[in-house]
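Enquirer: all I have is the shape, not the residue letters:
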């Protein structure tokens with residue numbers, strides 16, 4: 001079965017399970033409606049990715065009705081029953097009724113949701129929408145508005161401020177004035193009243209949007225970017241220099257947009273890759289310049305650590321930043337291509353990742369033309385040709401010391417040495433020789449080089 005066919009089958013199964021659960025609850029005298037993201041997607045004319053159900057049944061009722069199904073209770077702030085993989089939430093406020101006559105349902109639940117476009121419900125049995133807070137119109141106008149009293153919604157969960165910015169990005173819209181004003185007023189709550197892991201989750205979800213730069217721009221306008229990513233926020237008015245036609249922040253945002261949503265951590269690295277220019281900036285001959293800015297990722301790393309990104313994610317982002325300035329030009333020699341590959345190997349970055357970042361970086365420079373297909377093909381061919389040439393010549397592709405056809409033990413035996421730092425120096429010397437001439441990577445040639453090094457340095 002193809003991937004699209006599997007996805008369609010999964011969506012169909014999710015919908016059928018949801019209809020079954022809603023039907024069972026209705027048979028028992030309760031109300032059961034689709035709510036949240038599924039309804040938002042339906043209003044937008046999109047096939048819902050997942051289905052959530054809200055009901056006026058109590059948790060005890062849900063557990064009893066589905067006692068023979070696979071049921072578990074999850075969540076701390078708002079407890080939810082998961083029935084056969086479908087979230088079923090009891091109304092967040094108001095009374096429950098087995099008669100189905102509770103007039104406050106589902107408004108009692110929808111009023112406690114974050115934003116109006118998520119505060120709609122759909123009755124699958126009557127095929128009707130419930131929209132007490134104008135979510136449909138806000139979707140049409142692409143306006144993100146807190147449901148009801150914005151200060152109350154923020155106080156209930158300050159993360160909603162970040163979510164509002166993310167949904168503005170998703171819709172390519174903007175925050176309602178009342179929502180923006182409330183976020184600016186209460187923005188510091190995000191620092192001490194929200195688990196960093198939850199902010200990280202919203203950031204990574206934003207990376208799947210068509211233009212996550214709108215997420216960062218909205219965070220900036222709301223005064224949140226300087227609290228979440230101060231390393232990036234400070235680049236707002238930083239001149240990109242004589243080789244760029246945009247500010248450093250603008251360049252970073254354009255770079256991230258040019259990367260694939262299928263690779264969220266790489267995309268985030270694109271948004272952060274030049275943030276070190278703030279620390280590197282200096283004036284030379286009357287112009288701003290940023291020497292070795294790729295080595296100044298300390299502030300970015302601090303931000304990522306505070307947001308509880310994993311050590312693996314931070315290592316990857318740091319490596320993308322450190323390698324993004326490595327040159328690969330139309331006239332780069334085979335030796336230069338080999339040195340590039342060795343440099344990427346040292347930082348555990350695939351050459352494909354390096355090229356994706358280079359292409360995005362170039363596309364984000366408004367003073368220059370982006371790479372053409374021919375430009376990209378030429379550079380990719382240089383890398384592939386060098387990898388293939390080394391294989392044809394009969395040895396491993398030498399990208400690190402471990403690829404050498406000689407060991408430190410061999411060197412110590414040849415020069416009658418004990419373990420010492422000098423052995424490492426000799427290995428690095430041999431590595432440089434092999435990078436210059438890959439055919440030297442055979443045991444006999446390397447032994448000769450070791451002996452020669454010993455004569456010249458002892």
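Expert: Everything's here; your move. Bear in mind the structure is a predicted one, so any value in this text is a computation, not a measurement.
Enquirer: need the distance between the two termini of stretch 366-375.
Expert: Using Cα to Cα, to the nearest Å, one end of stretch 366-375 lies 18 Å from the other.
Enquirer: let me redo that: stretch 45-59
Expert: End-to-end distance of stretch 45-59: 32 Å, with Cα to Cα as the criterion.
Enquirer: now do stretch 208-225
Expert: In stretch 208-225, first residue to last residue: 19 Å (Cα to Cα).
Enquirer: and for stretch 27-35?
Expert: Stretch 27-35 has an end-to-end distance of 19 Å (Cα to Cα).
Enquirer: same thing with stretch 149-167?
Expert: Stretch 149-167 has an end-to-end distance of 18 Å (Cα to Cα).
Enquirer: without its sequence neighbours, what residue ends up closest to residue 338?
Expert: The spatial neighbour of residue 338 that comes closest, neighbours along the chain excluded (Cβ to Cβ, 6 or more residues apart in numbering), is residue 435 at 5.2 Å. C-betas here are computed from N, CA, C, even on glycine.
Enquirer: do the same with residue 328
Expert: Across the structure, with Cβ to Cβ, 6+ apart as the measure, the residue nearest residue 328 apart from its sequence neighbours is residue 379 (5.2 Å).
Enquirer: tell me if I am right that that neighbour is in a helix.
Expert: Yes. With the criterion set as DSSP: H, G, I helix; E, B strand; the rest coil, the secondary structure at residue 379 is a helix.
Enquirer: residues contacting it?
Expert: By Cβ atoms under 8 Å, 6 or more residues apart in numbering, the residues touching residue 379 are 328, 329, 330, 332, 355, 358, 371.
Enquirer: can you put those in a markdown table and add neighbour count?
Expert: As requested, those are arranged in a markdown table below (neighbours: other Cβ atoms under 10 Å):
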| residue | neighbour count |
| --- | --- |
| 328 | 18 |
| 329 | 11 |
| 330 | 9 |
| 332 | 17 |
| 355 | 16 |
| 358 | 19 |
| 371 | 18 |
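Enquirer: residue 196 against residue 306, yeah?
Expert: Yes. In this structure, residue 196 is within contact of residue 306 by Cβ atoms under 8 Å, at 6.1 Å.
Enquirer: need the overlap of contacts for those two.
Expert: Taking Cβ under 8 Å, 6+ apart as the contact rule, residue 196 and residue 306 have no neighbour in common.
Enquirer: circling back: for the residue nearest to residue 338, the count of nearby residues, please.
Expert: A count of neighbours around residue 435, defined by other Cβ atoms under 10 Å, yields 17.
Enquirer: residue 72 too?
Expert: Residue 72 has 9 neighbouring residues, counting by other Cβ under 10 Å.
Enquirer: any idea what it is bridged to?
Expert: residue 82 (DSSP bridges).
Enquirer: could you measure from it over to residue 29?
Expert: Using Cβ to Cβ, to the nearest Å, residue 72 is found at 24 Å from residue 29.
Enquirer: so, low pLDDT: which residues of the stretch 51-200 of the chain?
Expert: By pLDDT under 70, the weakly predicted segments of the stretch 51-200 of the chain are 75-79, 92-103.
Enquirer: now the helices for it?
Expert: When secondary structure is read from DSSP state H, counting those that start in this stretch, the stretch 51-200 of the chain shows helices at 59-65, 107-110, 135-141, 150-156, 159-171, 177-186, 189-192, 196-206.
Enquirer: what do you get for the stretch 301-450 of the chain?
Expert: The residue ranges that make up the helices of the stretch 301-450 of the chain, judged by DSSP H, counting those that start in this stretch, are 311-323, 334-346, 351-363, 373-392, 408-415, 421-436, 443-457.
Enquirer: next, format those helices as JSON lines and append distance to residue 38.
Expert: Conversion of these to JSON lines gives the following (distance: least, Cβ to Cβ, whole Å):
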{"stretch": "helix 311-323", "distance to residue 38": "30"}
{"stretch": "helix 334-346", "distance to residue 38": "43"}
{"stretch": "helix 351-363", "distance to residue 38": "33"}
{"stretch": "helix 373-392", "distance to residue 38": "40"}
{"stretch": "helix 408-415", "distance to residue 38": "61"}
{"stretch": "helix 421-436", "distance to residue 38": "56"}
{"stretch": "helix 443-457", "distance to residue 38": "64"}
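Enquirer: tabulate those helices (CSV), appending mean pLDDT and distance to residue 399.
Expert: Below are these laid out as CSV (pLDDT from 0 to 100; distance: least, Cβ to Cβ, whole Å):
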stretch, mean pLDDT, distance to residue 399
helix 311-323, 98, 13
helix 334-346, 93, 4
helix 351-363, 98, 10
helix 373-392, 87, 9
helix 408-415, 90, 18
helix 421-436, 90, 9
helix 443-457, 88, 16
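Enquirer: of those helices, which is nearest residue 263?
Expert: Distances from residue 263 to each of these were compared using Cβ to Cβ; the shortest belongs to helix 351-363, at 7.8 Å.
Enquirer: tell me what that closest one is packed against?
Expert: Helices and strands touching helix 351-363, by 3 or more Cβ pairs under 8 Å, 6 or more residues apart in numbering; DSSP states H and E, are helix 248-257, helix 264-272, helix 311-323, helix 334-346, helix 373-392.
Enquirer: the nearest residue to residue 85 once chain neighbours are set aside: what's it in contact with?
Expert: In space, and not counting its chain neighbours, residue 85 is closest to residue 17: 6.9 Å by Cβ to Cβ, 6+ apart. Contacts here follow Cβ under 8 Å, 6+ apart; on that basis residue 17 touches 51, 84, 85, 86.
Enquirer: ok, now which ones touch the residue nearest in space to the middle of the chain?
Expert: Against the mean C-alpha coordinate of the chain, by Cα atoms, centre = their mean, the closest residue is residue 264 at 3.0 Å. With contacts defined as Cβ under 8 Å, 6+ apart, the neighbours of residue 264 are 204, 207, 208.
Enquirer: out of these, who's nearest residue 40?
Expert: Looking at these and their distance to residue 40, the nearest is residue 208, at 15.5 Å (Cβ to Cβ).
Enquirer: look at that closest one and report its pLDDT.
Expert: According to the per-residue confidence, residue 208 scores 96 in pLDDT.
Enquirer: that one: what secondary structure?
Expert: Residue 208 carries the three-state label coil when classified by three-state DSSP.
Enquirer: and the gap between it and residue 200?
Expert: Counting by Cβ to Cβ, the gap between residue 208 and residue 200 amounts to 14 Å.
Enquirer: so for these two, which sits in the more crowded spot?
Expert: For residue 208 versus residue 200, the count of surrounding residues by other Cβ under 10 Å is larger for residue 200: 19 against 12.
Enquirer: surely the more buried one meets residue 308?
Expert: Yes. If you go by Cβ under 8 Å, residue 200 and residue 308 touch, sitting 5.6 Å apart.
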